[in-house]
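S.K.: What follows is a protein structure lacking sequence information:
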């Protein structure tokens, strides 16, 4: 049975996929998991760049002053980078030789059943 936190995370990832699709991205894979790390979303941007997306979701009722961005610790960023590099190296067929790949973070803050979205490209 999913916890409230995991249910919110899945809802956030679903919302992020819809958001990206509306912006012209093609979703290639979700929840890619390996022992060394996880990628929430693997997508192709409208310009054909391969994009790895980390989604961070929080409710507005979280600790005072804490934002979803604060969840992206240096250790998580390092793990995200390593997983993206390994994925890119083993899925070259997904990449456009001229565009390569990048890492994005989408943060979602849920307030009164609506998400406030921030999309940070090429972190």
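M.R.: Thanks, I have it. Just so you know, these numbers come straight off a predicted model, no measurement behind them. Numbering: from 1, shown residues only.

S.K.: quick one: buried residues of the longest helix seen in the chain?
M.R.: Looking across the chain with DSSP state H, the single longest helix is helix 4-22. Within helix 4-22, the residues scored as buried using 16 or more other CB atoms under 10 Å are 8-9, 12-13, 15-17, 19-20. (Glycine included, C-beta is placed from N, CA and C.)

S.K.: Taking the chain centroid, which residue in the protein is the extreme one?
M.R.: Here the chain reaches farthest from its C-alpha mean at residue 64, the gap being 23.9 Å by CA atoms, centre = their mean.

S.K.: What score does that residue have for pLDDT?
M.R.: With respect to pLDDT, residue 64 scores 70.

S.K.: for the one 3 residues further on, same thing?
M.R.: What the model reports as pLDDT for residue 67 is 81.

S.K.: Tell me who's in contact with it.
M.R.: 58, 107, 109 (CB atoms under 8 Å, 6 or more residues apart in numbering).

S.K.: Please tell me how far the last one sits from residue 42.
M.R.: Right, the one you point to is residue 109. The spacing between residue 109 and residue 42, counted by CB to CB, to the nearest Å, is 24 Å.

S.K.: out of these two, which sits in the more crowded spot?
M.R.: residue 42 (22 against 19; other CB atoms under 10 Å).

S.K.: was I right about that one contacting residue 29?
M.R.: Yes - at 4.1 Å, residue 42 counts as touching residue 29 under the criterion of CB atoms under 8 Å.

S.K.: now the chain, which segments are flagged as low pLDDT?
M.R.: Low-confidence segments of the chain, defined by pLDDT under 70: 1-2, 4-5, 61-63.

S.K.: could you pull out the helices for the chain?
M.R.: 4-22, 74-90.

S.K.: Give me the contacts around the longest one.
M.R.: Going back to what we said before, that points to helix 4-22. Residues outside helix 4-22 that contact it (CB under 8 Å, 6+ apart): 2, 27, 30-31, 40-41, 43, 53, 55-59, 106, 108, 110, 115, 117, 119.

S.K.: same question, the shortest one
M.R.: Contacts with helix 74-90, where a contact means CB under 8 Å, 6+ apart, come from 32, 34, 36-39, 42, 50, 52, 54, 72, 95, 101, 103, 123.
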